[in-house]
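Trainee: Build the 3D model from these lines:
(one chain, ligands or ions: 3)
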Amino acid sequence: MASRILASTTESGPFLSLARSVPGLAFLSYPGCSTFASVASSGLSPYKPHEFESTNIVRKKGQDVLHDPLVNKGTAFGIAERERLALRGLLPARILSMEAQVNRIMEDYQYGRDYIDPVNVKDEGVTKEHVRKWNVLQQLQDRNETLFYNMLLNNFVDMAPIVYTPTVGWACLNYHKVYRRPRGMYFSSEDIGEMNAMVWHWPENEVDAIVVTDGSRILGLGDLGVNGLGIPIGKLDLYVAAAGFHPTRVLPVVIDVGTDNEALRSDPLYMGLNQPRMTGARYYEVIDEFVRAVMGRWPRSVLQFEDFNMANAHPLLHRYRDHHMVFNDDIQGTAATALAGLYGALAVQGKPVTALKEQRICVVGAGSAGMGVVQMIAQGMRKHGLSEEEAQARFWINDKDGLITSKRDPAATMDVVKPFARKVEEDVEGERLLDVVKRVKPTVLIGLAGVRGRLFTSDILKAMGETNEQPIIFAMSNPTSRAECTAEEAQKHTDGRAIFASGSPMADVEMNGRTLICSQANNLYMFPGVALGARLGATHHISDNMLMAAAEAIPTLVPKSDLDRGCVYPSLHRIRHISCRVAMAVITMAYEEGHLHNPRAVAALKQGDDALEDWVVDHQYVPEYRTLIELPQGVME
Ligand SMILES: NC(=O)C1=CN([C@@H]2O[C@H](COP(=O)(O)OP(=O)(O)OC[C@H]3O[C@@H](n4cnc5c(N)ncnc54)[C@H](O)[C@@H]3O)[C@@H](O)[C@H]2O)C=CC1
Ligand SMILES: CC(=O)C(=O)O
Ligand SMILES: [Mg+2]
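Mentor: Numbers count the residues shown, from 1 in each chain. Ligands and ions are numbered 1, 2, ... in the order given. As a prediction, this is how the structure comes out:
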């Protein structure tokens, strides 16, 4: 071994002379330093000019390569390097040239975040202030996750709209421009046959929660391909902050099967496969292999499906839900959230939960979210005594072609919709929303269509106000640009009598000296706690009854004083507590259904609510600094 070592990151000037003049001195420069050390120790001259050309050979693997600025090439790593350096799965599929990478950074260098189309920013209901804050938090997350989560948890109401909707929508639209380093895993249809090996490139042996998207329906923004990864990242930020999952044990994933978004595909900065979206059996083959691979390595993990398009969302849920702890947030999380909100709204009206079965409910949007909501509310109505047919008859469902009736072509109607199609004598198939509202006089109007242009027009809102003392109006589409109406519009056209909630946060409305509350009807009330309950309880799967129990838990957390102000949901200031209660509801229902497989959860449950709550809280990650070194006994940190 060399007895004396000189280390430097530069190879010039005085260092080189010194290296040459001292016999036996090993000169360490990066990379390729080991060559010098061994040359020196062998007794040969330490200096051979060509050896100062770095050897380029990297001994690291996986994330250690990506996180080493001296060797990292990011999306420019070629296929062979990705293979040999265990990078497959850690980078998006498309290989970018250095020139493309330069262009991405140059735009930022020249114009800052302003180059990211300010019109687009405004259009999405996101301000420049949102973008600035997103940037600050994203950089912090890359530097220091403990600090990031400490801030997010302690400023949840202020910061959730930055890491989550609506700003996350903007981040997804611009992901190919704002991308700086990878986060999470990337699988693609090119990886068929390789996924079982690729999952081992992820450095963590323990993963408790995975959120996966195929980017096909990102919020109401459509097909964004791999740009959609922003959503699993944002959701898992909330898993950590809101529910207390450990940040090293959550895994965001995007599955790249191409995109039908041609503008994105042809953008030189886009990082996904340059192919149309894959469909049919081959698509399911990709997803099956992915599920097998992640569940093979992390069998105790919860797997949340997020923002899959309508054609695949239901089939995928049913494909896996009996075999793994799988749930679809858009179908089930949204459904439980909407039901919880309806119970909350009834409480605001001073009515009992049983009044659910008296509601006439008009739903706009018959996709994953809309039909999930309809099914769960119907299940709630059945619980309160209605037959299946009676419950179905309390819904009027509208899609892009208007009111759905039994006259609709069955081939063009999803199976989940058919039982709710109006069974009518008169021909009202395709009736316009305004006419439906005027004719039916619904007590509840729910929007989950996800389209631009306010679907709840002033006439529709006025009609709701004319027939209801306190109309219940939930404009649940995200992000803000896709909401069916604003809180202000809802209140203005109903003389301030609406019980209103929106999917993305909106400000309360000041009217005639009163503050009219805008609640946030978003599945963030559900998914962190549902996953926490399932993971802690080892529930094997996630049943509809568990989600129903979670939905019923939420309204009990709204204090009377908040109900009097018109709040439909508990305050997000208490998100940890809310997620804990949701987790407890899931655990309790799992026990009743015989699916609570963690004996410690069973033991806590049997000691009563307080003990169960303490047990759940004990398992929640707290973002505080802990010492990272072993200290001798008696030595304080
Ligand atoms: N607040 C929340 O927690 C959640 C909100 N959402 C939002 O719901 C929206 C829809 O999501 P998915 O159901 O998954 O989408 P989807 O694509 O599965 O369904 C959209 C539905 O809207 C209908 N539609 C389209 N244009 C319409 C129009 N002009 N009038 C009436 N209906 C129309 C379509 O026919 C389809 O039935 C998105 O904006 C999404 O962000 C989804 C999940 C949770
Ligand atoms: C909130 C959510 O999951 C969505 O808008 O898709
Ligand atoms: Mg979603």
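Trainee: quick check: longest strand of the chain.
Mentor: The strand that spans the most residues within the chain, counting by DSSP state E, is strand 250-256.
Trainee: Now the residue of the stretch 101-250 of the chain found nearest ligand 2: closest residue in space that isn't a chain neighbour?
Mentor: As assessed by C-beta to the nearest ligand atom, ligand 2 sits closest to L219 within the stretch 101-250 of the chain, at 4.5 Å. All C-beta spots, glycine's among them, are computed from the backbone N, C-alpha and C. Closest residue to L219 apart from its sequence neighbours, by C-beta to C-beta, 6 or more residues apart in numbering: N478 at 4.4 Å.
Trainee: Pairing partners for A475 in the sheet, please.
Mentor: Taking DSSP bridges as the rule, A475 bridges to G447, S502.
Trainee: Show me which residues of the chain sit near ligand 3.
Mentor: Counting by C-beta under 5 Å from the ion, the chain comes close to ligand 3 at D307, D330.
Trainee: Output the lowest mean pLDDT helix or strand found in the chain.
Mentor: Within the chain, no helix or strand scores below strand 25-28, which has a mean of 35 by mean pLDDT, DSSP states H and E.
Trainee: which residues touch N312?
Mentor: Counting by C-beta atoms under 8 Å, 6 or more residues apart in numbering, N312 makes contact with D214, S216, Y283.
Trainee: Most neighbours out of those, which is it?
Mentor: D214 (31 neighbours; other C-beta atoms under 10 Å).
Trainee: how about low-confidence regions in this protein?
Mentor: The chain contains residues with pLDDT under 70 at 1-55, 113-124, 425-426, 635-637.
Trainee: Which residue lies nearest the spatial centre of it?
Mentor: The residue lying closest to the centre of the chain (C-alpha atoms, centre = their mean) is K235, at 2.8 Å.
Trainee: doesn't it fall inside a helix?
Mentor: Yes - the assignment for K235, made by DSSP: H, G, I helix; E, B strand; the rest coil, places it in a helix.
Trainee: How about it: what's its closest non-neighbour residue?
Mentor: In space, K235 is closest to V211, 4.7 Å off (C-beta to C-beta, 6+ apart).
Trainee: Partner strands of the one helix or strand that neighbour maps to and their direction?
Mentor: V211 is part of strand 209-213 when elements are defined by DSSP states H and E. Strand pairing for strand 209-213, using DSSP bridges, gives strand 250-256 (parallel), strand 302-305 (parallel).
Trainee: Figure out which of those is closest to ligand 1.
Mentor: For the strands paired with strand 209-213, proximity to ligand 1 was assessed by C-beta to the nearest ligand atom; strand 302-305 is nearest, at 11.1 Å.
Trainee: and that closest one, how far from the chain's centre?
Mentor: 10 Å (C-alpha atoms, centre = their mean, to the nearest Å).
Trainee: quick one: it near ligand 1?
Mentor: No - Strand 302-305 lies out of reach of ligand 1 by C-beta under 6 Å from any ligand atom, never closer than 11.1 Å.
Trainee: start at 159 instead
Mentor: All set: I'll call the first residue 159, so the last point we hit is now strand 460-463.
Trainee: What lies in contact with that strand?
Mentor: With C-beta under 8 Å, 6+ apart, strand 460-463 has contacts from 366-371, 393, 449, 452-453, 471, 474-475, 478, 482-488, 685, 689, 692-693, 700.
Trainee: From the residues you listed, which land in helices?
Mentor: K393, V449, V452, M453, A471, L474, L475, Y478, F685, A689, A692, R693 (DSSP state H).
Trainee: Could you give the number of residues near the fifth one?
Mentor: What that stands for is A471. 24.
Trainee: Enumerate the helices of the stretch 209-358 of the chain by residue range, in sequence order.
Mentor: For the stretch 209-358 of the chain, applying DSSP state H, counting those that start in this stretch gives helices covering 221-224, 237-242, 256-269, 276-281, 286-301, 303-312, 314-321, 325-331, 333-336, 353-356.
Trainee: Make a PyMOL selection of the buried ones in the contacts of strand 460-463.
Mentor: Of the contacts of strand 460-463, the buried ones can be selected in PyMOL as follows, counting by 16 or more other C-beta atoms under 10 Å:
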select buried, resi 366+367+368+369+370+371+393+449+452+453+471+474+475+478+482+483+484+485+486+487+488+685+689+692+693+700
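Trainee: which bits of the stretch 609-758 of the chain sit near ligand 2?
Mentor: So the stretch 609-758 of the chain meets ligand 2 at N636, G661, N680, N681 (C-beta under 6 Å from any ligand atom).
Trainee: Who are the contact partners of the second one?
Mentor: Looking back up the chat, that one is G661. Counting by C-beta under 8 Å, 6+ apart, G661 has contacts T323, A633, M634, S635, N636, P637, A641, Q678, A679, N680.
Trainee: what separates the first one from S639, distance-wise?
Mentor: Right, T323. Distance, T323 to S639, using C-beta to C-beta, to the nearest Å: 11 Å.
Trainee: Those two: which has the busier surroundings?
Mentor: Set T323 next to S639 and count neighbours by other C-beta under 10 Å: T323 wins out with 26 against 22.
Trainee: And for Q507, the neighbour number?
Mentor: Q507, neighbours per other C-beta under 10 Å, totals 16.
Trainee: Give me the neighbour count for the closest residue to it other than its chain neighbours.
Mentor: In this structure, Q507 finds its nearest non-sequential neighbour in Q628, 5.4 Å apart by C-beta to C-beta, 6+ apart. Close neighbours of Q628, defined as other C-beta under 10 Å, add up to 17.
Trainee: Pull up the residues of the stretch 409-558 of the chain that are close to ligand 2.
Mentor: So far as C-beta under 6 Å from any ligand atom goes, the stretch 409-558 of the chain lies against ligand 2 at D465, D487, D488.
Trainee: Which ones among those map onto strands?
Mentor: Among those, none falls in strands (DSSP E).
Trainee: And those, which is closest to L715?
Mentor: D487 (20.3 Å; C-beta to C-beta).
Trainee: residues contacting the closest one?
Mentor: So D487 contacts V369, K393, Q462, F463, E464, N681, M684, F685 (C-beta under 8 Å, 6+ apart).
Trainee: mind redoing it with 7 Å?
Mentor: Q462, F463, E464, N681, F685 (C-beta atoms under 7 Å, 6 or more residues apart in numbering).
Trainee: Would you convert those residues into a markdown table that also reports distance to H334?
Mentor: Below are the contacts of D487 laid out as a markdown table (distance: C-beta to C-beta, whole Å):
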| residue | distance to H334 |
| --- | --- |
| Q462 | 24 |
| F463 | 23 |
| E464 | 20 |
| N681 | 26 |
| F685 | 26 |
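Trainee: ranking the residues you listed by neighbours, who comes first?
Mentor: Most neighbours among the contacts of D487, by other C-beta under 10 Å: F685, with 32 neighbours.
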